[in-house]
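*Asks:* Okay, here's the prediction I keep looking at, along with the sequence it came from:
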Amino acid sequence: MTPTLTDAQVRQFHDEGWVALPAITTPEEVAWLRELYDRLFDSRVGRDEGNQFDLAGSDDDPEAAALPQILQLSKYAPELKECLYWQHALAVARQLLGPETRHQGEHAILKPASNGAATPWHQDEAYWNPALDYNSLSIWMPLQDAGESNGCLWFLPGSHRWEVKPHHCIGHDPRVHGLELDEPEQLDTSQAVVCPVPAGGCSIHYCRTLHYAGPNHTPGRRRAYILGFGTPATERAEPRDFYWNAAKQTPREARAKVFREQQAAKECQAG
């Protein structure tokens, strides 16, 4: 049955910028998703298009990716759009953001066994178009139990009310797509909350909520499948400057550019 949030859960999301649910799909679907997920990562789908890449590394060597990520997962497995997780996630998102809420994207992040890199403190909106205002959230579902030992999320309650803070590419390396907060050592994380989640449960956070995930110290993969939802973005009266994105020179974007040019050439020849 479609999950129904309690008043306390809705209030926590709006007060703290995050909330967690013990289940958003069935154990059977989790097992199916885990098998599909591993197959898509192992076959490196989307790499030539720039949709699979190393989020935390230079992405030069796909064999040594520290934090592999796939964008647009359902492009390579359309059956995902019909799964319970998608249906339940949309229903939950509408309970938090309103009936105009729509699906806005998806990605999967894999922390490899024993050496998956940490995901530094960041705000999701720091990746997006600075000329727009967003009212969006992410639903983060692990496909195995996620705890401190293998990289569950941490949240800083109340940070969803902040403006987007300055970020930079991880390690100040413009080849790296992933972002981290400027001067993270100055961030007071004494009030940060760890959020362990069972397989098939989820954590939900607002697009400006500061969050972090530690490395994976376990002998198994840490798999997370994330769906994004929101109401239509609106133009800002005063555009912002997310200079950190303009400074990137990633192999991922270079591959994507070549792929787009090849596709355009094929369409021109066919037309």
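*Replies:* Received it, and whenever you're ready, just let me know what you need. Numbers count the residues shown, from 1 in each chain.
*Asks:* Pull up the pairing partners for the longest strand seen in the chain, direction included.
*Replies:* Ranked by residue count under DSSP state E, the longest strand found in the chain is strand 222-235. If you go by DSSP bridges, strand 222-235 pairs up with strand 102-111 (antiparallel), strand 132-142 (antiparallel).
*Asks:* which parts of the first one are buried?
*Replies:* For strand 102-111, a neighbour-count test (16 or more other C-beta atoms under 10 Å) marks 104, 106, 107, 108, 109, 110, 111 as buried. C-beta coordinates here come from the backbone N, C-alpha and C atoms, glycine included.
*Asks:* for the last one, which residues make a bridge with it?
*Replies:* Same thing as residue 111. So, taking DSSP bridges as the rule, residue 111 has residue 222 as bridge partners.
*Asks:* my guess is it contacts residue 143, does it?
*Replies:* No - in this structure residue 111 lies outside contact range of residue 143 using C-beta atoms under 8 Å: 11.7 Å.
*Asks:* Overlap in contacts, these two.
*Replies:* residue 224 (C-beta atoms under 8 Å, 6 or more residues apart in numbering).
*Asks:* Generate TSV for the buried residues of strand 102-111, with distance to residue 86 and pLDDT as supplementary columns.
*Replies:* TSV is the format used below for these (distance: C-beta to C-beta, whole Å; pLDDT from 0 to 100):
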residue	distance to residue 86	pLDDT
104	13	97
106	9	98
107	14	98
108	13	98
109	18	97
110	20	97
111	23	96
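*Asks:* Residue 16: which of the strands paired with strand 222-235 is closest?
*Replies:* Nearest of these to residue 16, taken as C-beta to C-beta: strand 132-142 at 12.7 Å.
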